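**Q** got a sequence here, can you build the structure:
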Amino acid sequence: MNEVIEPSVHDDSTLGCGTKVVVTIGPASQSVDVMCQLLAHGMSCARLDLTWGSIAFHKTTLKNLAMAMKRTKKLCAVWVDTSGREIIVERRTTVDESGWVALDKTPFDFVKGATVTLTTKSVEDATPSLLPVNIKQLPKLVRPGQHLQVGRFMATGAEGGSLFLQVTSVSEEDITCVAMNDASLVGLLTVIVSHREYELTHHSQDLNVELPLFTQGDLEYLKEFGKEFELDYVSLSYCNSAADITEARETLDRMGLDQTKIIAKVERKAAIHNYEEIIALADGILLSRGNLGIDFEPEEMAHLQKKCIIRCNAIARPIILTRFVDTMVNTPRPTRAEATDVANAVLDGVDGVMLGAETLRGLYPVETVDTVSKLCRSAEQYFDYRSHHEDLMGEAFDEELSLERSFYSTNSLSDLTADSFSHMQSLKPILVEQLEKKHDDDLGSPSVLDSDVDGVTKVSSFGLLPITRGSSDAQLLKIEDFGAPYMSKVESIASSAVRTAEKINAGLIIVFAQSGRTASLVSKYRPPMPVVSVVVPTLQSDKLGWKLEGKYLARQCLIMRGITPLMAAPMSAGGSGLLCEAVAAACAQGLVKPMDYAVAILSEHGNFVVKVVKVDAEGTGIMSFGEKYLQPEEEQLMTLPSFATPPTSPGATDTGGASSLK
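**A** Numbering: from 1, shown residues only. Reported below is the predicted structural model:
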């Protein structure tokens with residue numbers, strides 16, 4: 001019990017290097033000084049929620065973030081969360097001098113049994129008995145008997161409950177309901193249709209599928225941001241199927257946001273029904289536990305969370321969870337239950353946790369990020385890395401197999417039926433259509449199937465994105481006969497590097513990243529030591545001009561558990577020189593100590609290589625072959641010549657995407 005009784009001693013400079021912390025930026029956290037503190041205490045990704053706040057406010061946020069990154073010399077990803085299919089109660093608003101939208105703070109008091117009408121008519125202002133909504137199609141999409149939830153946007157469980165309504169009648173413009181409980185609500189109110197009482201079998205049964213994926217406001221904001229800033233991630237609210245991701249990818253590409261990756265927000269029961277096809281196409285998953293709790297009973301949520309994390313871990317798809325430390329909106333410390341909830345998510349294998357109201361409008365945004373970062377780091381010490389590695393080795397995927405392989409592990413092969421294969425075939429046309437489009441479209445999106453110069457299909461998203469190829473039935477039977485799956489070359493290298501590092505007690509793993517795939521596969525196995533992803537920006541032809549690629553990827557690695565990106569100078573030569581610089585930079589950041597071993601994954605002469613090197617005595621590079629380090633008792637230290645300074649990134653844009661990391 002000594003490890004529990006005695007306090008752990010850690011260097012706070014490494015906060016955020018393991019499980020990532022995504023921070024929602026609002027009035028409480030928008031200033032440059034606060035953002036500098038957030039970065040220092042573990043923030044790896046800044047989230048802008050377009051549901052609230054003016055375009056001027058969010059532009060100020062991005063400019064302040066760029067300044068904070070330059071001041072702290074820390075990278076931070078930019079995540080834009082769209083409103084999409086959010087159903088919002090329209091209320092009279094005012095805009096303060098910062099551009100933040102404010103509502104009347106007078107609460108709406110609802111009484112159980114009272115009549116509440118949702119209307120699409122234009123009314124002067126909302127009242128407790130009449131709530132105007134922004135979605136004109138809503139009356140056509142609900143029916144008597146359904147349950148609705150009206151709650152405060154980004155509310156916490158510690159701030160009171162929600163209003164639950166039962167629909168009694170529906171007209172062309174109105175939905176008449178009866179209140180099922182007493183409630184007092186303030187702030188921006190949203191409406192959610194509960195599917196708990198219905199057994200959905202397909203996403204087309206979900207209310208939100210008939211609503212537009214992006215609002216007109218979303219499109220205007222994204223277009224405006226894209227002119228001035230670099231957006232690393234865009235998340236899709238109420239994403240229900242792979243078709244939603246395909247539509248979003250096409251929309252972003254048309255805007256010129258082809259390097260922006262897509263996060264699918266899994267919020268409804270329909271998304272769980274289509275979970276396999278969603279994780280096959282999305283670049284990451286946000287599991288919205290608050291909204292999922294509307295569709296699922298409380299006793300089902302723990303199992304649902306674990307299953308969703310396991311499936312994402314299996315194909316190296318980053319997964320972020322929401323709603324952890326609600327009470328820290330108003331208090332400087334979390335409850336015991338909240339602290340345990342964070343730890344359990346880390347032990348389940350989550351890539352990151354998202355903070356919402358705690359940092360958007362809470363009283364203690366810096367303390368919240370610091371507390372959550374430390375909770376994550378503490379839990380990581382007790383993560384069973386070996387069991388996790390062995391479990392995933394048994395669930396390994398081979399991109400040489402056809403798409404069907406991605407839907408089932410070898411443990412479930414005996415349960416496959418003709419209907420199962422028919423269901424798995426349903427996603428194949430989507431990927432084939434994407435592949436055909438890519439031959440006619442040179443936008444080069446990083447989030448869909450891409451082709452190299454030889455026309456050979458490759459996976460450019462994080463992790464494993466299976467492609468259609470070969471005789472799937474025969475290959476599945478072969479796997480069943482041998483009792484184990486095949487593994488792709490890239491994943492074989494990644495898993496071997498992790499196992500090697502664990503066996504020799506290495507202090508660091510280094511990955512040279514081009515698409516982020518290898519880094520995500522290393523992260524998949526959750527190694528106990530830090531992983532540095534070295535990104536070398538390259539010049540790419542852009543029809544009539546040139547553009548520098550790589551800055552996005554460095555920041556996009558910041559939602560992968562355990563990955564710390566390092567930016568090298570543009571067009572840096574590879575080989576031992578760059579490896580030496582990466583080791584020196586990692587040592588300067590406290591990620592590895594002098595005389596530790598480091599395991600590197602790099603390409604030499606077109607071949608993947610796993611290389612084991614040793615940090616020199618001064619932490620300025622690696623020991624050369626044949627040189628010997630004399631023990632301290634011999635009173636002599638080996639001193640090696642210092643190599644080039646740690647890699648620096650090119651001149652920064654307004655998003656701070658090219659800050660130097662030393």
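**Q** what's the average pLDDT for stretch 169-177?
**A** The average pLDDT within stretch 169-177 is 95.
**Q** to clarify, my last question referred to stretch 43-55.
**A** 93.
**Q** may I see the buried residues of that stretch?
**A** 43-54 (16 or more other C-beta atoms under 10 Å). For the C-beta atoms, the positions are set from N, CA and C on the backbone; glycine is no exception.
**Q** my read is Ser603 is in a helix, agree?
**A** No: using DSSP: H, G, I helix; E, B strand; the rest coil, the secondary structure at Ser603 is strand, not a helix.
**Q** and the pLDDT at it?
**A** Here, the pLDDT recorded for Ser603 equals 82.
**Q** pull the number of nearby residues for it.
**A** 13 (other C-beta atoms under 10 Å).
**Q** separation between it and Lys489?
**A** With distances taken as C-beta to C-beta, to the nearest Å, Ser603 is found 12 Å from Lys489.
**Q** what of Lys223?
**A** From Lys223 to Lys489 the distance is 40 Å (C-beta to C-beta).
**Q** low-confidence ranges, the stretch 101-250 of the chain, go.
**A** Along the stretch 101-250 of the chain, segments meeting pLDDT under 70 span 154-161, 196-209.
**Q** how about the strands of it, start to end?
**A** Counting by DSSP state E, counting those that start in this stretch, the stretch 101-250 of the chain has strands at residues 101-103, 108-110, 115-119, 130-132, 147-152, 163-170, 174-179, 183-185, 189-193, 233-236.
**Q** which of the ones you listed sits most buried?
**A** Neighbour counts (mean count of other C-beta atoms under 10 Å) averaged over each of the strands of the stretch 101-250 of the chain peak at strand 233-236, with a mean of 26.
**Q** which residues are in contact with that one?
**A** 45, 77-82, 84, 213, 222, 244-245, 248, 252, 257, 260-265, 283-284, 286, 556, 559 (C-beta atoms under 8 Å, 6 or more residues apart in numbering).
**Q** next step: those residues restricted to strands.
**A** 45, 77-81, 261-265, 284, 286 (DSSP state E).
**Q** if we take those, which one ends up nearest to Val613?
**A** Ala77 (28.9 Å; C-beta to C-beta).
**Q** relative to Leu363, which of the buried residues of stretch 43-55 is nearest.
**A** Using C-beta to C-beta, the buried residues of stretch 43-55 come closest to Leu363 at Met43, 17.4 Å.
**Q** now that closest one. Its backbone dihedrals?
**A** Per-residue torsions, Met43: phi -70, psi 130 (degrees, to the nearest 10).
**Q** hang on, it packs against Val23?
**A** Yes: because the distance of 4.6 Å satisfies C-beta atoms under 8 Å, Met43 is recorded as touching Val23.
**Q** helix, strand or coil: sort out Thr340 for me.
**A** helix.
**Q** distance of it from Thr215?
**A** Taken as C-beta to C-beta, the span from Thr340 to Thr215 is 38 Å.
**Q** quick one: which of these two has more around it?
**A** Set Thr340 next to Thr215 and count neighbours by other C-beta under 10 Å: Thr215 wins out with 21 against 13.
**Q** find the nearest non-adjacent residue to the more buried one, please.
**A** Excluding the flanking residues, the one nearest Thr215 by C-beta to C-beta, 6 or more residues apart in numbering is Ser83, at 5.1 Å.
**Q** what helix or strand is the nearest residue to Lys611 once chain neighbours are set aside on?
**A** Take Lys611 and drop its neighbours on the chain: the residue closest to it by C-beta to C-beta, 6+ apart is Ala600, 4.6 Å away. Using DSSP states H and E, Ala600 maps to strand 597-604.
**Q** show me what that strand pairs with in its sheet, parallel or antiparallel.
**A** strand 508-513 (parallel), strand 607-614 (antiparallel) (DSSP bridges).
**Q** kindly compare burial across these and name the winner.
**A** With a mean of 26, the top stretch among the strands paired with strand 597-604 by mean neighbour count (mean count of other C-beta under 10 Å) is strand 508-513.
**Q** how far is that strand from where the chain is centred?
**A** 20 Å (C-alpha atoms, centre = their mean, to the nearest Å).
**Q** need the contact partners of that strand.
**A** So strand 508-513 is contacted by 497-498, 501, 518-519, 522, 527, 529-536, 553-554, 557, 565, 574, 578-579, 582-583, 586, 591-592, 596-603, 615 (C-beta under 8 Å, 6+ apart).
**Q** and the next helix or strand past it?
**A** As assigned by DSSP H and E, the chain's next helix or strand after strand 508-513 is helix 517-524.
**Q** helices or strands up against that following helix?
**A** If you count contacts as 3 or more C-beta pairs under 8 Å, 6 or more residues apart in numbering; DSSP states H and E, helix 517-524 packs onto helix 489-503, strand 508-513, strand 531-535, strand 563-567.
**Q** ok, of the contacts of strand 508-513, which come out buried?
**A** By 16+ other C-beta under 10 Å, these give 497-498, 501, 518-519, 522, 527, 529-536, 553-554, 557, 565, 578-579, 582-583, 586, 591-592, 596-602, 615 as buried.
**Q** hmm, back to that, who touches both of Met43 and Val23?
**A** Val369.
**Q** confidence score at Glu6?
**A** pLDDT at Glu6 comes out at 70.
**Q** oh, that last question was meant for Glu627, not what I typed.
**A** 58.
**Q** circling back to that earlier point, in PyMOL, how would I select the buried members of the contacts of strand 233-236?
**A** Of these, the buried ones go into a single PyMOL selection, burial set by 16+ other C-beta under 10 Å:
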select buried, resi 45+77+78+79+80+81+82+84+213+222+244+245+248+252+257+260+261+262+263+264+265+283+284+286+556+559
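**Q** against Val535, how distant is the residue nearest to Ala242 when sequence neighbours are not counted?
**A** Leaving aside its chain neighbours, Ala242 sits nearest to Glu277 (4.1 Å; criterion: C-beta to C-beta, 6+ apart). Look at Glu277 and Val535: by C-beta to C-beta, they are 30 Å apart.
**Q** any idea how far Gln540 is from Thr115?
**A** 61 Å.
**Q** helices and strands of this structure: which one bottoms out on pLDDT?
**A** strand 457-458 (a mean of 32; mean pLDDT, DSSP states H and E).
**Q** low pLDDT regions in the chain?
**A** 3-5, 7-13, 154-161, 196-209, 396-461, 464-487, 542-544, 571-575, 625-662.
**Q** can you map out the helices along the stretch 301-450 of the chain?
**A** 336-348, 357-360, 365-380, 385-394, 418-425, 428-440 (DSSP state H, counting those that start in this stretch).
**Q** for the longest one, packing partners?
**A** The one in question is helix 365-380. strand 20-24, helix 32-40, helix 336-348, strand 352-355, helix 357-360.
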